[in-house]
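Enquirer: predicted structure and sequence below. I'll ask about it afterward.
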Amino acid sequence: MAGPAHGGTRGFTLVELMIVVVVIAILVAIGYPTYLDQVRKARRSDATTALMQVAQRLERCYTDRNKYNDTSSGGCPSGSIDSPEGYYSVAITASTNTYTLTATPKAGTTQAGDSTCASFTLDQAGTRGAKDSGGNDTTSTCWQN
């Protein structure tokens with residue numbers, strides 16, 4: 001039995017392969033920013049977790065020492081603390097009866113590009129806050145349960 005009548009092998013042309021490459025490039029160009037946005041949203045929980053953990057430590061300190069800013073001999077947390085996953089830095093501002101915690105994305109991480117939730121705050125009254133990179137209130141978006 002003889003082979004195909006036209007005598008050639010079948011395959012893809014260079015033009016067909018280039019079209020496939022262009023289509024894949026377009027899909028990646030559309031999908032990658034969306035992927036990064038979803039990763040940033042998922043990592044925001046690192047900030048809220050860190051704020052809640054530091055607040056709990058400060059409340060324990062207040063219960064033991066009757067002030068939030070006692071830093072003597074293993075006292076209350078102060079200064080700046082990294083979040084559990086390392087995407088945020090939590091700054092602690094404490095006085096005797098009050099504190100404010102501010103979590104900001106660490107430079108060099110993908111969170112540094114999160115312009116929607118550029119900072120998270122929590123105080124001794126449990127008041128939650130968040131601001132975008134322009135200083136606008138984004139609390140309801142950023143502190144989702």
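Expert: Received the coordinates, thanks.

Enquirer: in what helix or strand does R60 lie?
Expert: Element membership for R60, per DSSP states H and E: helix 14-65.

Enquirer: so which bits of the following helix or strand past that helix are buried?
Expert: Along the chain past helix 14-65, the next helix or strand (assigned with DSSP H and E) turns out to be strand 79-82. When neighbours are counted by 16 or more other Cβ atoms under 10 Å, the buried residues of strand 79-82 are found to be I81. For the C-beta atoms, the positions are set from N, CA and C on the backbone; glycine is no exception.

Enquirer: just checking, what packs against strand 79-82?
Expert: helix 14-65, strand 88-94 (3 or more Cβ pairs under 8 Å, 6 or more residues apart in numbering; DSSP states H and E).

Enquirer: quickly run through the sheet partners of it, with directions.
Expert: Partners of strand 79-82 in the sheet, by DSSP bridges, are strand 88-94 (antiparallel).

Enquirer: contact partners of the partner strand?
Expert: Applying Cβ atoms under 8 Å, 6 or more residues apart in numbering, the contact partners of strand 88-94 are 46-47, 50-51, 54, 58, 68-69, 76-83, 99-106, 111, 120.
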